[in-house]
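>>> Could you look at this predicted model? Sequence included:
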2 protein chains.
Amino acid sequence: MNRLNSLVPDWIRNYKREHLSDDLIAGVLVTILVLPQSLAYAILAGLPPQLGLYASVFPVLIYALIGSSMIQAVGPVAITAIMTFALLSPLETPGSAHYLVLAASLSLLSGLMVLGFGFLRLGFLSNLLSRPVVGGFISGSALLILLSQIKVVLGIQVSATDNWGQVVSIVEQLPLAHVSTLALGGIGFIVLLGSRYFLAPWLVQRGMASSRAAMAVRVMPLLVVMVATALSVALNFNPTYGMQLVGHVPSELPTIGFDVPTFADLQMLLAPALVLAFIGAVQNITMSHALAMKRHERTDANREMMGLGMANFVTAFCGGMPVGGGLTRSAVNLASGAQSPLASIVSALFMLSIVLLGTQWFSFIPLCILAASIMVAAIGMIDFAGLRRAWRYDRADAIAFLGTALGVIALNLQMGITLGIFLSLASLLYRASSPHIAVVGRIQGTEHFRNIERHGVETLPNAIFMRIDESLFFGNLKAIEDRLMREIGQRPQTQHVVLIMSAVNHMDVTALESLNEVLLALQTRGIHLHMAEVKGPVQDRLMNTALFENLAGRIYLSVNAAFELLRSKPLA
Amino acid sequence: MNRLNSLVPDWIRNYKREHLSDDLIAGVLVTILVLPQSLAYAILAGLPPQLGLYASVFPVLIYALIGSSMIQAVGPVAITAIMTFALLSPLETPGSAHYLVLAASLSLLSGLMVLGFGFLRLGFLSNLLSRPVVGGFISGSALLILLSQIKVVLGIQVSATDNWGQVVSIVEQLPLAHVSTLALGGIGFIVLLGSRYFLAPWLVQRGMASSRAAMAVRVMPLLVVMVATALSVALNFNPTYGMQLVGHVPSELPTIGFDVPTFADLQMLLAPALVLAFIGAVQNITMSHALAMKRHERTDANREMMGLGMANFVTAFCGGMPVGGGLTRSAVNLASGAQSPLASIVSALFMLSIVLLGTQWFSFIPLCILAASIMVAAIGMIDFAGLRRAWRYDRADAIAFLGTALGVIALNLQMGITLGIFLSLASLLYRASSPHIAVVGRIQGTEHFRNIERHGVETLPNAIFMRIDESLFFGNLKAIEDRLMREIGQRPQTQHVVLIMSAVNHMDVTALESLNEVLLALQTRGIHLHMAEVKGPVQDRLMNTALFENLAGRIYLSVNAAFELLRSKPLA
């Protein structure tokens, strides 16, 4: 009984009745609002539109029951869709039967990988990605989305598969643009872009509450698609003007099943699945964490991965479109007052009924209007502000951002993310390898020690007090040794060197051994090495090492104690 | 004239006449002492023995004129020799004509790469390798040396080329060992191993000065080889007992030239050359640095690389054996009183005269005795003590050591060093991602703040003082946020959180943005975030950021100032 009980999520056992109406309303709202994008993202991924609907049903249910977030929702999202397209289109023609098999296998593999991360409690892996790297990755992906959709709005065919070839082909074919498609898509694009950036402020200025104004902005894509579809039906867009529509969306459940891929397929998909799993997991953890903070809740990275992993595992058997944590979905959830994953369950069931009861109207949606809404969403994904902030604050972080984005565009997703991780680790290592070091003296009449270059301080003629503002490790020992030797070279009368260790949180073996060698080398020259303010954990480890023995009695609790002691010693 | 002058090394322009006799004696001593190992290491590398002699002439001269170390000497060394063998033997049969072309090309390429490192001032790259990784790499290589020489001492033929196959084959053929070869090699091995570990202490015990005793140990290999060679000549080892000898060593200069490799060869050699260049450069920089410290001198990493690079460039045209910074050579230099690179020049010229005047005796040296001396040197290269120290002091460093050594043995040199670098970076990231965090309180009657878990301290009911003992970056922000939220969760009456930043030396963009989000999230819950003791460089960067604006007025110079201020505020 207890065991069975533990399988029921906490939120169900502790469900508060007063939340029921909130959750019901939010669930219905979310379904309607994300409906156009569910179709659009499936098309973006190179898959039939109904797969976007299926991916809004079963994975959503599973995640609601397993995930740790009260408010996060998974489903078909832009980043997962463009990743699916970018990872699979070099391997197979989008839309072909084999492409569908690959997409389902990709969901399955990446789902299993994310599950594996969760079981192995590898939540901390998400710490590998810095924000600039994630920002660069998403921005680069957004550019790929724009590139893939611009030809739909122009109503042209592009046969090139590489990014540069597509750009060239689009520019060449600009004069051949399909006028009515471009007109409708262009108007939709401008209306959506305008409403995204100007509608909310305008409404607020007119006295609307800002939360309602934000909701109004979220309703706009649905409204635009509805108007365009109504026009499409009324004016016979396809036969009369030759505009491309979504086309038949079957009003039926997906055949539950999974076309077993060949071994060669699986091998080919390993690296792409790892990228999808890794990025998906990090996105999901980061977003659920950010949402939870807003609601004073906490999430569990490992349970998040179990939820996302299972959702992708399940989607593989119900169509096969990979899913991820959805920013729009979750934001709509939050904005429409959802209180628990029940909202997601309601949304999934409502979407299921739509699939079963009526999808015939969807076939009239003009593709160019979906493309326009995707493009506006993609523009919102480009993190200009983040890049600007990084550039101003820390050039290395800006380089990691640009490197990742450029890698995604010029090479591929895998190389982009690898480059990004490499750049962040390199900057971490580089930064730590040129530590801040200050030679300090005592401020007259106090026990405070400050940089002798910046303050008028008291010094001892035969002693150097050096503060190292960084943990000691293999990467920075050489720099510290060099600095120490330079200072001693400039003060030939030096008999004592005091290392102030107040900012040293850790010493690795390389540091330990190098410092011991420095101590011995100085000893042969009649110079004594001392240490002051060694932190507890560092000192604990130092015990029983050669360095500790050689320092015998020359480790001081405070810099001032060392200063007083050395001052009282006569000059040799 | 000035320009010409600047081409003459400092040590020549400032040469002190009184050093001349020291340098002359040291040069002659070094030549005689390293002669057997020069032959032995060439054979170890899979090259004809005379190449070891050539590599002790021209590269030595070049390095003496370019390098920055007064005492370091380059030449044929064990680690470079085994690397040459390990890198090239999978590509070509050792000893074949094409193998010689590959070896020369490897010298050339790695020389050019090291030169490139030097020109680009990439000396800091050596910071990538921690001591445990270098120790693991050298220890793994030493095991490869042992494996390659044990069959020579046993006098058996092993056809397997993979390491495991060789071990199996050696064990299988143990009963077939060539008795007289094993007897001579075994006695040589035991005498050398014994003298290495017991001779010096024994001599010192008998009243010899320890520097002379160390020199005596260094003379032993030469002595053992001379005795074995005398026996070989007197007793006709080869025809009578079927023992393998070094064989003909031509008494002539190398043909100056370079067999141009094919493009395919060069492509194949790129990765091996990079490994050789990287390890060679790091070894050379580390060793020259350690030697210079003992002599109160300083070295220049970039000039060291120019010297080593040119030495390998030159060796490619004079036989082709790659060279490196030699521990034995340099130690003998130091021990025999060398004062300047003139000792190396004397040594090179003396070696040249030996090559020209008489190498006929070398042909009688039994191979097994060279193998025995190589094996003893290899045992000395295995850094048991370093591994033991690392294991006791820091498990992560020990794992990096073992991982590198295992990678070298079980995979190959390239994978070994890559694995090692990966493991050190991972441990760096992992360590930094679980920072030490302490909630602190004030020690009654002082301005000192200490961990509330360890000390009886004064606290405020509505404020949390949290000290973060690590720089803030993408890898540890999640852990800090989690800890903060946990502490707040345990103290529901919290209205103020003070982050003590005294140990924070840097904040990256991820940290900046995450902290700002934490601040805003806390604000919605009526909790104020404060900072105290923010370091100068960190605060400088904080200016003009959203975090700084949102913190407005809540950054304090000292923890005590924050404590006093918050204490005087009434509870809300």
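Arrived safely, thanks for sending.

>>> what's the burial count for the residue in the stretch 101-250 of chain A that chain B sits nearest to?
Among the residues of the stretch 101-250 of chain A, A:Ser130 lies nearest to chain B; the distance is 3.4 Å by CB to the nearest CB. Just so you know, the C-beta spots here come from the backbone N, C-alpha and C atoms, and that holds for glycine as well. Under the neighbour criterion other CB atoms under 10 Å in any protein chain shown, A:Ser130 is assigned a count of 30.

>>> Same question for A:Leu184.
If we define neighbours as other CB under 10 Å, then A:Leu184 has 23 of them.

>>> so it touches A:Leu245, yeah?
No: A:Leu184 is not in contact with A:Leu245 according to CB atoms under 8 Å; the separation is 11.3 Å.

>>> do you know how far the residue of the stretch 101-250 of chain A closest to chain B is from B:Leu203?
59 Å (CB to CB, to the nearest Å).

>>> Close to chain B: what parts of the stretch 101-250 of chain A are there?
Within the stretch 101-250 of chain A, the positions near chain B by CB under 8 Å from any CB of the partner chain are A:Phe124, A:Ser126, A:Asn127, A:Leu128, A:Leu129, A:Ser130, A:Arg131, A:Pro132, A:Val133.

>>> for the fourth one, what are its contacts?
The contact partners of A:Leu128, by CB atoms under 8 Å, 6 or more residues apart in numbering or on different chains, come to A:Ile421, B:Leu429, B:Gly475.

>>> quick one: the last one is in a strand?
In this case it means B:Gly475. No: counting by DSSP: H, G, I helix; E, B strand; the rest coil, B:Gly475 is not part of a strand but coil.

>>> now it: how far from chain A?
Counting by CB to the nearest CB, to the nearest Å, the separation of B:Gly475 from chain A is 5 Å.

>>> okay, now that residue: neighbour count?
Residues near B:Gly475, counting by other CB under 10 Å: 29.

>>> Can you give me the pLDDT of whichever residue of the stretch 451-572 of chain A sits closest to chain B?
Proximity of the stretch 451-572 of chain A to chain B (CB to the nearest CB) peaks at A:Phe474, 3.4 Å away. With respect to pLDDT, A:Phe474 scores 85.

>>> ok, it touching B:Arg131?
Yes: at 6.5 Å, A:Phe474 counts as touching B:Arg131 under the criterion of CB under 8 Å.

>>> higher neighbour count, those two?
A:Phe474 (28 against 25).

>>> Need the phi and psi values for the closest residue in space to that one that isn't next to it in sequence.
Nearest non-adjacent residue to A:Phe474, counting by CB to CB, 6 or more residues apart in numbering or on different chains: B:Ser130, 3.4 Å away. Dihedral angles of B:Ser130 (phi, psi; degrees, to the nearest 10) stand at phi -80, psi 160.

>>> repeat for A:Ser471
phi -60, psi 150.

>>> The one 5 residues further on too?
For A:Asn476, the backbone dihedrals (degrees, to the nearest 10) come out as phi -120, psi 0.

>>> and it, what does it touch?
Contacts of A:Asn476 by CB under 8 Å, 6+ apart are A:Ala432, A:Ser433, A:Ser434, A:Pro435, A:Glu470, B:Asn127.

>>> my guess is the third one contacts A:Ala479, does it?
Think A:Ser434. Yes: applying CB under 8 Å, one finds A:Ser434 in contact with A:Ala479, separated by 5.8 Å.

>>> quick one: which of the two has more around it?
Neighbour totals were compared for A:Ser434 and A:Ala479, and A:Ala479 leads with 18 against 13 (other CB under 10 Å).

>>> Secondary structure class of the more buried one, three-state.
A:Ala479 is classified as helix under three-state DSSP.

>>> quick revisit: select only the buried ones of the contacts of A:Asn476 in ChimeraX?
Only the buried entries of these go into this ChimeraX selection, using 16 or more other CB atoms under 10 Å in any protein chain shown:
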select /A:432,433,435,470 /B:127
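
>>> what's the closest of the contacts of A:Asn476 to B:Thr255?
When those are compared for distance to B:Thr255 (CB to CB), B:Asn127 wins out at 40.6 Å.

>>> hang on, the earlier thing: the residues of the stretch 101-250 of chain A next to chain B in helices, which ones?
Residues of those located in helices (DSSP state H): A:Arg131, A:Pro132, A:Val133.

>>> wait, what's in contact with the first one?
For A:Arg131, the set of contacting residues under the criterion of CB under 8 Å, 6+ apart consists of A:Gly386, B:Phe474, B:Val509, B:Thr510, B:Glu513, B:Ser514.

>>> For the stretch 451-572 of chain A, which residues score under the pLDDT cut-off?
Across the stretch 451-572 of chain A, the ranges flagged by pLDDT under 70 are A:570-572.

>>> ignore the last one, chain A
Using pLDDT under 70, chain A drops low at A:1-7, A:294, A:296, A:570-572.

>>> now the strands for the stretch 301-450 of chain A?
For the stretch 301-450 of chain A, strands defined by DSSP state E, counting those that start in this stretch occupy the ranges A:324-325, A:437-442, A:449-451.

>>> Show me what the longest one is packed against.
It stands for strand A:437-442. strand A:449-451, strand A:463-468, helix A:477-490, helix A:559-568 (3 or more CB pairs under 8 Å, 6 or more residues apart in numbering or on different chains; DSSP states H and E).

>>> run the last query once more with 7 Å
strand A:449-451, strand A:463-468, helix A:477-490 (3 or more CB pairs under 7 Å, 6 or more residues apart in numbering or on different chains; DSSP states H and E).

>>> Single out the most deeply packed of these.
strand A:463-468 (a mean of 22; mean count of other CB atoms under 10 Å in any protein chain shown).

>>> got the contact list for that one?
A:435, A:437-441, A:449, A:480, A:484, A:487-488, A:491, A:494-504, A:559, A:566 (CB atoms under 7 Å, 6 or more residues apart in numbering or on different chains).
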